[in-house]
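In: Okay, here's the prediction I keep looking at, along with the sequence it came from:
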Amino acid sequence: MSHVELYSMRLCPYAHRSRLTLIEKQIPFTLIEIDLHNKPANFEKISPTGKVPALKYGTHRLWQSAVINEYLEEEFPMPPLLPKGPMLRAQARLWIHFADTRLFAVTHKLLFTSDPLQQAKLGKELTDCLQWIEQEGLQKLTAAEPYWLGSEMSLVDLTYYPWFEQVSVLEHFCGFKFPTHLDRLHQWRKTVANRESVRSIAKPPKFYLEHYGKLVASL
């Protein structure tokens, strides 16, 4: 079997998703950390966008975390990280799409603005996203189950968790207040954070605050 290589950057939540997917599936892989400000000359041969994550498997290469993770699900089907039924699979893809187009997109804007009015506006948008997740996702889909789609971990859980591991950055630098009343969301977050695969590569808030602090100072 060919060997898997994952190109990553330690602050990248998208690469974090793919690392978790590989670990959950117990796929041996080599992690290659990329300095995005000083990329290796050959990196664009792996990732034409110049971004991480990127995956190399034999002579094949992929980029974009959602694509990488679905490929890993198909190429290495056990243990499964998507449900069996077509409707649940479709719902999983809807929630992954929501993560990328709403939660992470708003977060990126918030991180790179210093305007207090914009911070307040974007913070409200983030809170609305989290309330939507609580009400339309976790409560309606699996209110009595530990994970997003039921009793088993899925790609949806792995897609969202890196955002929650880094939320201290938004609280510290952007004045964001994580809602305290979203009980199901807090329960889900704690459950995923305690999973062995997640703990094996988890970083504490201090790590993110230190490294994002350097990034913010350079802007």
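Out: That came through fine.
In: When you work out contacts or count neighbours from here on, use the C-alpha atoms and nothing else.
Out: Will do.
In: Count the neighbours of the residue lying closest to Arg199 once chain neighbours are set aside for me.
Out: Of all residues not flanking Arg199 in the chain, Ala193 sits nearest, at 6.5 Å (Cα to Cα, 6 or more residues apart in numbering). Other residues lying near Ala193 total 17 when counted by other Cα atoms under 10 Å.
In: Tell me the pLDDT of Ala193.
Out: For Ala193, the model assigns a pLDDT of 98.
In: and what of Gly213?
Out: What the model reports as pLDDT for Gly213 is 82.
In: now swap in Met1 and tell me
Out: Note on Met1: pLDDT of 53.
In: quick one: the residue nearest to Arg199 and Pro13, what's the gap?
Out: Using Cα to Cα, to the nearest Å, Ala193 is found at 15 Å from Pro13.
In: can you check Ile27 too?
Out: Ile27 is 20 Å from Pro13, by Cα to Cα.
In: who's more crowded, those two?
Out: Counted by other Cα under 10 Å, Ile27 and Pro13 do not tie: Pro13 has more neighbours, with 23 against 15.
In: show me where pLDDT drops low in the protein?
Out: By pLDDT under 70, the weakly predicted segments of the chain are 1-2, 216-219.
In: Quickly list the domain ranges of it.
Out: Domain ranges of the chain: 4-75, 86-218, per automatic domain parsing.
In: Having no further points to raise, I will conclude here.
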